[in-house]
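>>> Starting from these lines, generate the structure:
(one chain, ligands or ions: 1)
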Amino acid sequence: AVQVEDDRTGLTPETLKRAFLDNLFYIQGKFPRLATQHDYYMALAYTVRDRLLQRWISTAAAYTEQGSRTVAYLSAEFLMGPQLGHNLVNLGIYDIVQQAVADLGLNLDELMEQEAEPGLGNGGLGRLAACYLDSMATLEVPSLGYGIRYEFGIFRQDIRNGQQVEVTDKWLRLGNPWELPRPEWAVDVKLGGHTEAYTDRSGRYRVRWIPYQVIKGVPYDMPIAGYRTNTCNTLRLWSAQAPEAFDFEIFNSGDYLGAVQDKLSSENLSKVLYPNDNISQGKRLRLAQQIFFVSCSLQDMLRILARQGLALSQFSQKFVIQLNDTHPAVTVAELMRLLMDEHGLSWDAAWDITQRSIAYTNHTLMPEALEKWPVDMFGQLLPRHLEIIYEINHRFLEQVRARFPDDSDRLRRLSLIDESGERYVRMAHLACVGSFSINGVAALHTELLKQDVLKDFYELYPEKFNSKTNGVTPRRFMVLSNPRQTEMLNRTIGDTWVSRLDELKRLEAKAEDPSFQHDWHMIKQANKGDLANYMAKQNGLVINPESLFDVQVKRIHEYKRQHLNVLHIITLYHRLKASPNLEVPPRTFIFGGKAAPGYHVAKLMIRLVNGVAEVINHDPAMRDRLKVVFLRNFNVRLAQRIYPAADLSEQISMAGKEASGTGNMKFALNGAVTIGTLDGANVEIRDEVGAENFFLFGLTAPEVYALKAQGYNPWDYYQGDPELKQALDSILVGTFSRGDGEVFKPLIDSLLNWDPYLLLADYQDYVACQERVGQAFCDRTHWTRMSILNVARMGLFSSDRSIQDYCRDVWRTPAVPIELTD
Ligand code: 26Q
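Residues are numbered from 1 along each chain as shown. Below you'll find the predicted structure:
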């Protein structure tokens, strides 16, 4: 029989072209003469989506039939980035589609540029969630991501007069072809009000919650395709809506306009992503967002459980819930409430299920990032949950008292309620007590959790603690973003490394091969040329692609120390002014990253980078020697342009502050060499690539603690180092602020008086280390060899490895291969 390819599933060029034009006509309602680039993008996106849906349906059918054990990954953030290119890679049709659209006179890169990226996250934590979804699908692990469908993602960053300006991110404006609304699975979430005790018909004590407000959560599903597997999992994001009738009848009888107002305020819940990274403000709306997506997700899991004919007692066999930090930690109380109040289970039965189902990942050592909610606020919004938390705490502290008699200090430290001043609910404590697994995100981070932040919990429950070093997906951060290096890898070691990253090891044999080194260098040059063109367009600068591209891109934060990088630049500038014949390679310093809108010092740091850039880039003596560039609006799309072009990766946080870092891995995978402290995953990166291929500087975490304990005085360093003094003084007198001696005063004052992140203590070692970097870069063979070995030894840092570790040690979820059905 003649096999005719289906227009919705076929993968040949002819079928793809036909489907594409069909979608342009019937979905966009345009014919080619009228179609915009965006219309073409949408037509292509729907063409790709059709192919995903076929896999999605087969996957859902298999999981339902087999009742597969499923990971529920709960995260307030999923920083997905653009979907079109990534889906083309994972479906294995990138090249075919590129050719097909070219045949129609279109350019795939240009179409991909049309997509508004879903920026539903701040930085590392949100991007990690996205990498993990990719790896779970690739490893055929049944999984459901649960989060919030923010109408406004992370703000767009504009730079005006050297300063950050925030612009709202209306990413849904032109429609989102990558989501399917599922209104039939909407659920209600209660907020506010009070509770009442009553006795049920069998004489049991029960509690009923009379809420002040009910909000409807509507799920929107995004397909998550694995790399060259048939698996297509789901990311389910909840959108808040006013319920149909509730507020009309009960609260606002007669007041139509008032009721419409209330509806609007309900919809505010999923309106905007909080733009803070590693800092928690106790805002009521933020807590409402957390309970909203947690309650929706748990109700959805209970619906799925019932649909598959499973009993409540089987919940922990069907699902394992991974909490991405404490943002969804209210899961512990909400699952208890649902099981007891709505499904009639006893406390003990509900607690058994809860504790067996939940696992918690901690992502921070920063005290100001540990979430705590004022008890009053918590009780007003979630009266029933507060009661449950009090009861959990009561029973928990009883156990602690039995294990550690007469240790009231320990009880105070462990309590779920902080009572040292105003009373707070401690979300990390709730997560620790309510879960069977607690993990850090890098070896050092987990050790510091055990010794410090969660020490008391470690003494109580050592068996719960484990470490899972973060990873990144090589599909997005190599295959999609760095086609040149991908092609060279494929040519050299075949293409199986894409899902088995440790195979990059086989490159080591080539590290000394001059012709291989030459090709490797040329690829880096070409990537740098692309970024130089981008910088010319964006920043109006002529960049020498032969210069050392020294890059720091990440959220702007004092602990990440972008201003230490700036102090080095200023020092180099002063040295070159004083000794024009100094032999240093030309360097281009590249920065990117957003500051939380309310974080004034971080915004000043951006201003400082731009102030230094203005002076250096306009100094004729610096031409072809130094350039400084701040790239606006660092996001996933821009990240994909930057990593492939970097020579040097700046990972210079104060030791003991960066939980893991993941940008460090993306840079090294793309052949950048790292300059860094012994912090987070830098430690493991250095162990893997070898100390000789990594530029280490700075105090270690224990040295940091010792110095602080002994009494740190930044002033001593300022007085003791003329170059440091000159650098700080030049900022203070307005050299980089057009003579204004006030602007940067708060920044410099903080450094001279407190310097909580020890910039001044690490300055000298950093500058000396940068000198060694410069010398190494001048020896091209040496540098290229380091670059090759960095890539060859990145196998450990695939998110596939991280997910395999979670599956083995925490989730116990077997892979479920999917067969395609028509
Ligand atoms: C909390 C409460 C209220 C508002 C906002 C927040 C909030 C939001 C985002 C707190 C923290 C975050 C983000 C934290 C984060 O990105 N942490 C990073 O996680 C990465 C993945 O594990 C690590 O690699 C980084 O080291 C860590 O900083």
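>>> Count the neighbours of Arg772 for me.
12 (other C-beta atoms under 10 Å). For glycine as for every other residue, the C-beta is placed from the backbone atoms N, C-alpha and C.
>>> For it, give me its contacts.
Arg772 makes contact with Phe695, according to C-beta atoms under 8 Å, 6 or more residues apart in numbering.
>>> where's it relative to Ala727, distance?
For Arg772, the distance to Ala727 equals 19 Å [C-beta to C-beta, to the nearest Å].
>>> now do Gln99
Gln99 sits 53 Å away from Ala727, going by C-beta to C-beta.
>>> Those two: which is more packed in?
Taking other C-beta under 10 Å, Gln99 and Ala727 do not tie; Ala727 has more neighbours (24 against 13).
>>> tell me the contacts of the more buried one?
Contacts of Ala727 by C-beta under 8 Å, 6+ apart are Leu567, Ile570, Thr571, His574.
>>> Confirm it sits in a helix?
Yes. Per DSSP: H, G, I helix; E, B strand; the rest coil, Ala727 lies within a helix segment.
>>> what residues does the stretch 401-550 of the chain put near the ligand?
Contacts of the stretch 401-550 of the chain with the ligand, taken as C-beta under 6 Å from any ligand atom, map to Val441, Asn470.
>>> Let's see that with 8 Å instead.
Contacts of the stretch 401-550 of the chain with the ligand, taken as C-beta under 8 Å from any ligand atom, map to Val441, Ala442, His445, Asn470.
>>> now the stretch 1-150 of the chain
Counting by C-beta under 8 Å from any ligand atom, the stretch 1-150 of the chain sits next to the ligand at Ala76, Glu77, Gly121, Asn122, Gly123, Gly124, Leu125, Gly126, Arg127, Leu128.
>>> low pLDDT regions in this protein?
Counting by pLDDT under 70, the chain contains low-confidence residues at 1-4, 245-254, 259-260, 262-264, 822.
>>> What's the biggest strand in it, counting residues?
strand 213-225 (DSSP state E).
>>> Kindly format the C-alpha coordinates of that one as PDB.
The C-alpha coordinates for strand 213-225 follow below in PDB (Å, rounded to 0.1, in the frame of the first residue of the first chain):
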ATOM      1  CA  GLN A 213     -12.500  34.200  49.100                       C
ATOM      2  CA  VAL A 214     -12.400  31.500  46.600                       C
ATOM      3  CA  ILE A 215     -10.200  31.600  43.500                       C
ATOM      4  CA  LYS A 216     -10.300  29.400  40.500                       C
ATOM      5  CA  GLY A 217      -7.100  27.900  39.100                       C
ATOM      6  CA  VAL A 218      -7.200  27.000  35.400                       C
ATOM      7  CA  PRO A 219      -4.300  24.700  34.200                       C
ATOM      8  CA  TYR A 220      -2.400  25.500  31.000                       C
ATOM      9  CA  ASP A 221      -0.300  22.600  29.700                       C
ATOM     10  CA  MET A 222       3.000  22.900  27.900                       C
ATOM     11  CA  PRO A 223       4.500  19.800  26.100                       C
ATOM     12  CA  ILE A 224       8.000  18.800  27.200                       C
ATOM     13  CA  ALA A 225       9.600  16.600  24.600                       C
END
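>>> Tell me which strands it pairs with, and in which orientation.
strand 180-181 (antiparallel), strand 187-191 (antiparallel), strand 232-241 (antiparallel) (DSSP bridges).
>>> Distance to the ligand and mean neighbour count added to these, as CSV?
Shown next, in CSV, are those (distance: least, C-beta to the nearest ligand atom, whole Å; neighbours: other C-beta atoms under 10 Å):
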stretch, distance to the ligand, mean neighbour count
strand 180-181, 27, 14
strand 187-191, 18, 19
strand 232-241, 17, 24
